[in-house]
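J.: Just need the structure, nothing else, for what follows:
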Amino acid sequence: MIISTTSEIPGYEIAQVIDVVVGNTVHSKHMGRDFMAGLKGMVGGEIKGYTEMMSEAREEAQTRMLAKAKKVGADAIVSVRFASSSVGSEMSEILAYGTAVKLK
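T.: Model prediction:
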């Protein structure tokens, strides 16, 4: 399956727009990450535990989006975007979305 952040895929023609496909996941922080984040907040710098958590969440959201595209018979997903938001004070949501298409 081809995934693209652009609205076109070089060398292919979009034959049919199927639907918008979405994948999301919500991850929560845990005490170990919160403790380390608090320490890091005092001295500055990257909080690697949170970076890893958000990377894992992004991969999961993309995997779920891909599964939905396969289910509707898509050959590709174009105009892919990612968004994040807070869900309460302890959780973050990652959303992956794009347009499922058939290619010629």
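J.: Could you check the pLDDT of residue 40?
T.: pLDDT, the model's per-residue confidence, is 52 for residue 40.
J.: again with the one 3 residues further on
T.: Here, the pLDDT recorded for residue 43 equals 63.
J.: What of residue 88?
T.: pLDDT at residue 88 comes out at 76.
J.: What strands flank the host helix or strand of residue 27, and is each parallel or antiparallel?
T.: Using DSSP states H and E, residue 27 falls within strand 14-28. Partners of strand 14-28 in the sheet, by DSSP bridges, are strand 91-103 (antiparallel).
J.: Any buried residues in the strand it pairs with, and which?
T.: By 16 or more other C-beta atoms under 10 Å, the buried positions in strand 91-103 come out as 92, 94-101. Heads up, the C-betas are built off the backbone N, CA and C, glycines and all.
J.: of all the residues you listed, which comes closest to residue 45?
T.: residue 92 (19.7 Å; C-beta to C-beta).
J.: Enumerate the beta-bridge partners assigned to that closest one.
T.: With DSSP bridges as the rule, residue 92 is bridged to residue 27, residue 86.
J.: so it sits right up against residue 58, yeah?
T.: No: counting by C-beta atoms under 8 Å, residue 92 stays clear of residue 58, with 10.5 Å between them.
J.: what's residue 73 in contact with, if anything?
T.: 18, 102 (C-beta atoms under 8 Å, 6 or more residues apart in numbering).
J.: Could you confirm it falls within a helix?
T.: No: with DSSP: H, G, I helix; E, B strand; the rest coil as the criterion, residue 73 is located in coil rather than a helix.
J.: Nearest spatial neighbour of residue 16, chain-adjacent residues omitted?
T.: Spatial nearest neighbour of residue 16, excluding adjacent residues (C-beta to C-beta, 6 or more residues apart in numbering): residue 102 at 4.1 Å.
J.: hang on, isn't that neighbour packed against residue 19?
T.: No: judged on C-beta under 8 Å, residue 102 makes no contact with residue 19 at a distance of 11.1 Å.
J.: Surely residue 49 is within a strand?
T.: No: Residue 49: not assigned to a strand; according to three-state DSSP it is helix.
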